[in-house]
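**Q** what follows is a predicted structure for the sequence shown.
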Amino acid sequence: MIRLFLVELRRSNAPAMGVLIAAVSMAALATDQQAWKLQWIRLAIEQAGALPIVVPLAMGGGAMLGRRERRTGADEVMASTARPRWQRITLPAAALAVTLIVAYLLPFVLGGVVVSRFTDYASVRTLLVPLTDAPLLFGSAWLGYAAGRSWSSRLVPPVLAAASMAGQLRLSLLKPAEGRLTWLDSLLLVVAPPSYDWETVTGNAMLGRLALGVGLVAAGFLLAAATRWSTRATAVAVLAVALSAAAYLPGAGQDGAYGRYSVDRAAQRLVCSDGTPQVCVTAVHSRALGEATTQARRALELLARLPGAPQRAVEWRAATTNDYYGAVFFPEPDSVPVPAGTVTFDIDEVTGRPEPHLVENLIWGAGAPRHHCPPENDDDAVAKAAAGAWLMGTDHIPADSWPLVQALDTRVHDTVQKLRTVPAGEQVRRVAALRDAATACRPGLLPVLTGTHG
């Protein structure tokens, strides 16, 4: 059997298709290496981003293989043999499937070598994502194989490939008002990337993709082997069930939140520095701990001027996630609660390093949380920036930090100057009062700092 399989590999277009699929997938990864090289989840999603291109190619390649018997005039000879039709198609279909699976997984393996240099965390579920997507690829090839066996025209392969690509494009344009996401998005081969590195693909989303792939595989094989209309009808029914499962399994929330990603609690596990004050980052960003510790401890040292100053800094984490589509963002998710005396900071999702100006951002608002309150108005932004500048012993906003209030630099300077005209003890009291008010999400922070509130 193995010898026959190898013979089929040599005489079919499977090796050429494998090289083409692998080359396209590798090119897709190489063109945007910065987007995926730091985390496994981003590599998996970036790898899936090549599906809208490689699936049509696989479908066209399958159709070319399906035309082989009629194109060479061997169809009548093959039909006269005693072997049933499903046996005659198994080896060519298997050769194509194995080749495409290897071609699709190879870029992920090579990309994983790069990713392993930048992170110590890998989720089993994330590593399974390419395996759930692989049936989509060779299932599409088998559908093309069935079409090529039914219609021997040389136009079938390019028409199938073009129709597959046009269908995905059309589906991507069927967006309802306000950018809300619906079950139609579950049928898209390309999906939006995760918002955070400590997310993972939900089990339902993976089951939906797997259901679609298995449906394509089953329908393609049944159609290629079919000699009766009842078999063809069964294939169509299987494909309809697979499409329905793929559309509805991930789910769409009442507010349009798309159920593709969820928080990976193991990725959010805190990894902490030795010594005090303690600084912690998530497991998925563990390699940033040293750099984050140096900057966070500097910020905690500045905040120590205030009564009730925090003694610990941890990376911010979300309790739940909300996906987005394009420029339309859903509300920011709730934060994982942190104990009193703890401030939070961010790790840059692009660089995998602590956010630029981590010190300045930690003392923004004198250490008040930045994630759980509504956006502030200009007056509150000036007050928070002035409190941070006062703690740093400056009158201005440091270059490139706090970009939302750069235009308010003059007002920040005047506020800090006015604050310094009162006794030192009163300055400390006002800044601490501003921190407490900002922590409680109370508006009207500027009068608290300038002493003009009622």
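**A** It's in.
**Q** ok, and what's touching the helix or strand hosting Asp409?
**A** Using DSSP states H and E, Asp409 sits in helix 409-419. Contacts made with helix 409-419 from outside it, assessed by Cβ atoms under 8 Å, 6 or more residues apart in numbering, are listed as 382-383, 385-386, 389-390, 394-397, 405, 427, 430-431, 446, 449-450. For every residue, glycine as well, the C-beta is placed using N, CA and C.
**Q** how about low-confidence regions in this protein?
**A** For the chain, applying pLDDT under 70 flags the ranges 1, 4-5, 7, 68-86, 174-182, 251-259, 321-332, 371-372, 397-407, 453-454.
**Q** ok, now with 50
**A** Applying pLDDT under 50 to the chain picks out residues 72-74, 76-78, 82, 177-179, 253-257, 323-330, 399-400, 454.
**Q** next SSE downstream of the top helix by length along it?
**A** Once the chain is assigned using DSSP state H, the helix that runs over the most residues is helix 85-115. As assigned by DSSP H and E, the chain's next helix or strand after helix 85-115 is helix 124-150.
**Q** output the contacting helices and strands for that following helix.
**A** helix 40-48, helix 51-66, helix 68-72, helix 85-115, helix 156-173, strand 199-201, helix 203-225 (3 or more Cβ pairs under 8 Å, 6 or more residues apart in numbering; DSSP states H and E).
**Q** okay if I get those as CSV plus mean neighbour count and distance to Thr320?
**A** Output for the helices and strands packed on helix 124-150, formatted as CSV (neighbours: other Cβ atoms under 10 Å; distance: least, Cβ to Cβ, whole Å):
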stretch, mean neighbour count, distance to Thr320
helix 40-48, 25, 17
helix 51-66, 26, 27
helix 68-72, 15, 52
helix 85-115, 19, 26
helix 156-173, 15, 26
strand 199-201, 26, 10
helix 203-225, 22, 15
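**Q** adding distance to Asn13, write these out as CSV.
**A** As requested, those are exported to CSV (distance: least, Cβ to Cβ, whole Å):
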stretch, distance to Asn13
helix 40-48, 23
helix 51-66, 6
helix 68-72, 8
helix 85-115, 8
helix 156-173, 10
strand 199-201, 32
helix 203-225, 16
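**Q** Leu9: which of those is closest?
**A** helix 85-115 (4.9 Å; Cβ to Cβ).
**Q** domain ranges for this structure, per the record?
**A** Here the domain parsing of the chain from automatic domain parsing is 2-265, 269-362, 368-454.
**Q** nearest to Leu187, out of the helices and strands packed on helix 124-150?
**A** Closest of the helices and strands packed on helix 124-150 to Leu187 is helix 156-173, at 6.0 Å (criterion: Cβ to Cβ).
**Q** centre of the chain versus the closest one, how much separation?
**A** Here helix 156-173 shows a centroid-to-chain-centroid distance of 25 Å under the convention Cα atoms, centre = their mean, to the nearest Å.
**Q** that helix - contacts with which helices or strands?
**A** Applying 3+ Cβ pairs under 8 Å, 6+ apart, we find helix 156-173 packed against helix 51-66, helix 124-150.
**Q** adding distance to Val236, write these out as CSV.
**A** Shown next, in CSV, are these (distance: least, Cβ to Cβ, whole Å):
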stretch, distance to Val236
helix 51-66, 17
helix 124-150, 11
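**Q** Thr90 is nearest to which of the ones you listed?
**A** Taking Cβ to Cβ, helix 124-150 is the member of these nearest to Thr90, at 11.1 Å.
**Q** how much space separates Ala226 from Pro52?
**A** As judged by Cβ to Cβ, to the nearest Å, Ala226 and Pro52 stand 28 Å apart.
**Q** likewise Ser152?
**A** Remark: distance between Ser152 and Pro52 (Cβ to Cβ) = 28 Å.
**Q** that older thread, which is the next helix or strand following the helix holding Asp409?
**A** helix 424-439.
**Q** that next one - contacts with which helices or strands?
**A** If you count contacts as 3+ Cβ pairs under 8 Å, 6+ apart, helix 424-439 packs onto helix 378-392, helix 409-419, helix 445-450.
**Q** hmm, try it at 7 Å
**A** If contacts are counted by 3 or more Cβ pairs under 7 Å, 6 or more residues apart in numbering; DSSP states H and E, helix 424-439 sits against helix 378-392, helix 445-450.
**Q** winner for burial among these?
**A** Ranked by mean neighbour count, the helices and strands packed on helix 424-439 are led by helix 378-392 with a mean of 24 (mean count of other Cβ atoms under 10 Å).
**Q** thinking again about what came up before, now the helices and strands packed on helix 424-439 in JSON lines, with distance to Gln295?
**A** What follows is these, written out as JSON lines (distance: least, Cβ to Cβ, whole Å):
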{"stretch": "helix 378-392", "distance to Gln295": "13"}
{"stretch": "helix 445-450", "distance to Gln295": "25"}
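**Q** and Glu360, which of these is closest to it?
**A** Nearest to Glu360 among the helices and strands packed on helix 424-439 is helix 378-392; the distance by Cβ to Cβ comes to 6.2 Å.
**Q** what are the contacting residues of that closest one?
**A** Taking contacts as Cβ atoms under 7 Å, 6 or more residues apart in numbering, the residues outside helix 378-392 that touch it are 302-303, 305, 360, 363-366, 376, 395-397, 402, 404-405, 408, 411-412, 415-416, 419, 431, 434, 438, 443, 445-446, 449.
**Q** now a PyMOL select for only the buried ones of those.
**A** Buried residues within these, by 16 or more other Cβ atoms under 10 Å, are selected in PyMOL with:
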select buried, resi 302+303+360+363+364+365+366+376+395+397+402+405+408+411+412+415+416+419+431+434+438+445+446+449
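**Q** still on that earlier bit, nearest to Ala163, of the helices and strands packed on helix 156-173?
**A** With Cβ to Cβ as the measure, helix 51-66 is the member of the helices and strands packed on helix 156-173 nearest Ala163 (8.2 Å).
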